[in-house]
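A.B. asks: Sequence isn't available, so here's the structure alone:
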């Protein structure tokens with residue numbers, strides 16, 4: 001398989017509200033695909049759309065973990081908390097050296113800030 005781009009298509013009963021949250025709260029940069037698609041890395045996109053069989057909040061929010069790799073987890077978490085985002089896990093250090101903070105979007109999907117600096121594994 002020769003994949004040229006990758007995207008996650010996140011469906012919602014209220015896609016317009018979810019699009020606004022990802023744009024205004026997370027401040028993800030738009031893509032050239034339209035207002036419903038955000039660039040989340042090189043050749044990687046998060047696409048938000050409606051679906052006739054998507055109703056209410058996520059039933060198993062832990063099934064898919066959407067990770068956003070960031071340089072400074074503490075600063076990004078503080079920015080989001082100032083905007084009212086509640087975290088269900090804060091700065092959890094993993095055995096492989098990563099640090100993870102988990103929060104939910106308005107539909108209840110699990111999102112994670114992930115900071116990984118291999119040269120600093122085990123510090124702190």
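C.D. replies: Received the coordinates, thanks. Quick caveat: nothing in here was measured; it's all calculated off a predicted structure.

A.B. asks: only C-alpha atoms for contact and neighbour calcs from this point on.
C.D. replies: OK.

A.B. asks: Walk me through the domains of the chain.
C.D. replies: Domain ranges of the chain: 1-50, 61-124, per automatic domain parsing.

A.B. asks: With mean neighbour count and mean pLDDT added, can I get those in CSV?
C.D. replies: Formatted as CSV, those follow (neighbours: other CA atoms under 10 Å; pLDDT from 0 to 100):
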stretch, mean neighbour count, mean pLDDT
domain 1-50, 15, 94
domain 61-124, 15, 91
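
A.B. asks: All the strands of this protein, residue numbers only.
C.D. replies: Applying DSSP state E to the chain gives strands spanning 6-12, 30-31, 34-39, 44-50, 66-69, 87-93, 99-104, 110-115.

A.B. asks: Residue 81 is nearest to which of those strands?
C.D. replies: Closest of these to residue 81 is strand 87-93, at 7.8 Å (criterion: CA to CA).

A.B. asks: ok and the closest one relative to strand 99-104, angle-wise?
C.D. replies: Interaxial angle of strand 87-93 relative to strand 99-104 (axes from the mean of the first three to the mean of the last three CA atoms, to 10 degrees): 170 degrees.

A.B. asks: how far does stretch 21-32 stretch from start to finish?
C.D. replies: By CA to CA, to the nearest Å, the extent of stretch 21-32 from end to end equals 19 Å.
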